[in-house]
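# I would like to see how this sequence folds:
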Amino acid sequence: MSYKIGIILGSTRSNSLGSKIMDYLKNTFKSTEEVEYTWISLKDYPLPLYDHEETPLSERIQGLNDAESKWLSVIAEQDGYIMMTPEYDHAITGAFKNALDYIGPEVDHKPVQIISYSHFSDGGMLAAESIVEILQMLKMMVLPEPVLIWNADPNFVDDGKLDMSVENSDHFAARFQDAFKDIEFYIRVLKDNPFNRE
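Predicted coordinates for the structure are as follows:
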């Protein structure tokens, strides 16, 4: 059985630290016959502010535009997720929260790992904390230990590489390896043993 993992960059900012980290992850983690990675950037899904009458957790959204349909389709196709977020004012970005507001049954009981990153020493800890309750509301299985990437501007360079001569780069590389192994494990467990309320 093969598995699909969606890696979501929860920022639309141009030339962002997150895009450099995602480029590194793309260069490091390649799809295989067993695991397929889907690289999902919010910039590719220009979603309007959520203004539908429906509540996605209880009823299907009607009248979706092309970007909204594309977003929900790519989310539904995944077996699990790695969600990457910067920290804006002690929380995730407004664009990311808006994108999550569209989601309902597409992620029900699917596992998710959180990666937060920051220009500063806290590593986006409060953003990682702020997203947990949102994901739990969406009935997702949130892995217990987020990956925090701090003071990271000098570590990640423009060609999708991690400068191993910079302090903490070895730690970041190890944490990413652990995070991808963890999410793959939980995806296998949950997909091979699907949740059933009956």
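# any idea which helix or strand carries the residue nearest the centre of the chain?
Centroid-nearest residue in the chain: Met83, 1.4 Å away (criterion: CA atoms, centre = their mean). Secondary structure from DSSP states H and E places Met83 in strand 80-86.
# I'd guessed the residue nearest to the centre of the chain sits against Ser11; true?
No: look at Met83 against Ser11 with CB atoms under 8 Å: they stay out of range, at 11.1 Å. Using the backbone N, CA and C atoms, a C-beta is placed for each residue, glycine as well.
# quick one, what contacts Asp108?
Taking CB atoms under 8 Å, 6 or more residues apart in numbering, we find Asp108 in contact with Leu138, Lys139, Met140, Phe195.
# Could you do Ile21 as well?
Ile21 makes contact with Met84, Ile115, Tyr117, Ile149, Ala152, Phe156, according to CB under 8 Å, 6+ apart.
# which element is the fifth one on?
By that I understand Ala152. With DSSP H and E as the criterion, the answer for Ala152 is that it lies in no helix or strand.
# how much space is there between it and Phe180?
18 Å (CB to CB, to the nearest Å).
# Looking at these two, which one has more neighbours?
In this view Ala152 and Phe180 are compared by other CB atoms under 10 Å, and Ala152 has more residues nearby, 23 against 20.
# Report the contact partners of that one.
Residues near Ala152 by CB under 8 Å, 6+ apart: Leu17, Ile21, Tyr117, Ser118, His119, Asn168, Phe172.
# neighbours around Ser35, how many?
Careful, residue 35 is Val and not Ser. If we define neighbours as other CB under 10 Å, then Val35 has 18 of them.
# residues contacting it?
Contacts of Val35 by CB under 8 Å, 6+ apart are Ser2, Tyr3, Lys4, Ile5, Glu184.
# Narrow those to those that are buried.
Neighbour-count burial (16 or more other CB atoms under 10 Å) applied to these gives Tyr3, Lys4, Ile5, Glu184.
# quick one: which of these sit in helices?
Glu184 (DSSP state H).
# This structure: helices as residue ranges?
Under DSSP H, the chain gives helices at 17-28, 66-76, 94-101, 125-137, 169-192.
# where does the chain dip in pLDDT?
Low-confidence segments of the chain (pLDDT under 70): 198.
# 90 - rerun?
By pLDDT under 90, the weakly predicted segments of the chain are 1-2, 14-15, 119-123, 158-159, 191-198.
# By neighbour count, which of the contacts of Ile21 wins?
Neighbour counts for those peak at Tyr117, which has 28 neighbours (criterion: other CB under 10 Å).
# so how far is Pro86 from that one?
6 Å.
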